[in-house]
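S.K.: Just a sequence and a predicted model for now, questions to come.
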Amino acid sequence: MEWLLEHAPVDARWCLVHATHLTEAEARGAARTGAVAGLCPTTEANLGDGLFDLPRWRAAGGIWGLGSDSHACVNAAEELMLLEYGQRLMLRRRNVLATDAQAQVATATLLQAVQGGAQAAGRLAAPGAQAGLVPGGMADFVAL
């Protein structure tokens, strides 16, 4: 990641997939670019890539989205569950992805994933564009 940040114009149009091995400095630098961290928890588990430090990423102002690329799993609910469970195991505490303003971990996690996913897919490029299911917007939703 250090090399990429020094040699490429990383910005909000980028999606950094499987960025599980970031140092603290790399996480801060990458988060500042506005790029989305593209997380694929079942794929990363299947490959033994480790866990993404999502609290550190969010503390640096990072945006994240959720996906799947190896077809180990194509179930959004399972991906979200594994993401939260992995954070719990890594940090040894509950409800890691919930914020003070959004006490419901499932709601907070889903809303963050939708926002990051919409950015990674280029759906927020138009002025005033919003993520999720909004009047006049694309049917950008996942059935859980």
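M.R.: Sure, I can see it. Residues are numbered from 1 along each chain as shown.

S.K.: How about residues contacting stretch 116-133?
M.R.: For stretch 116-133, the surrounding residues in contact (CB atoms under 8 Å, 6 or more residues apart in numbering) are 12-13, 15, 36-38, 63-67, 111, 114-115, 137-141. (C-beta placed from N, C-alpha, C; glycine too.)

S.K.: What residues of stretch 106-126 count as buried?
M.R.: Across stretch 106-126, burial judged by 16 or more other CB atoms under 10 Å covers 106, 108-110, 112-121, 123-124.

S.K.: gap between it and the chain center?
M.R.: 8 Å (CA atoms, centre = their mean, to the nearest Å).

S.K.: cool, stretch 130-141 as well?
M.R.: Distance of stretch 130-141 from its chain centroid, counting by CA atoms, centre = their mean, is 19 Å.

S.K.: What of stretch 15-29?
M.R.: For stretch 15-29 - counting by CA atoms, centre = their mean - the centre lies 11 Å from the chain centre.

S.K.: That one: end-to-end distance?
M.R.: 14 Å (CA to CA, to the nearest Å).

S.K.: now swap in stretch 23-38 and tell me
M.R.: Stretch 23-38 has an end-to-end distance of 17 Å (criterion: CA to CA).

S.K.: which of the contacts of stretch 116-133 count as buried?
M.R.: 15, 36-38, 63-67, 114-115.

S.K.: where are the low-confidence patches of the protein?
M.R.: Along the chain, segments meeting pLDDT under 70 span 99-103, 105, 126-128, 139-144.

S.K.: which residues does the residue sitting nearest the centre point of it contact?
M.R.: Closest to where the C-alpha atoms of the chain average out (CA atoms, centre = their mean) is W64, at 2.3 Å. W64 makes contacts with 36-39, 52, 54, 57-58, 112-113, 116, as judged by CB under 8 Å, 6+ apart.
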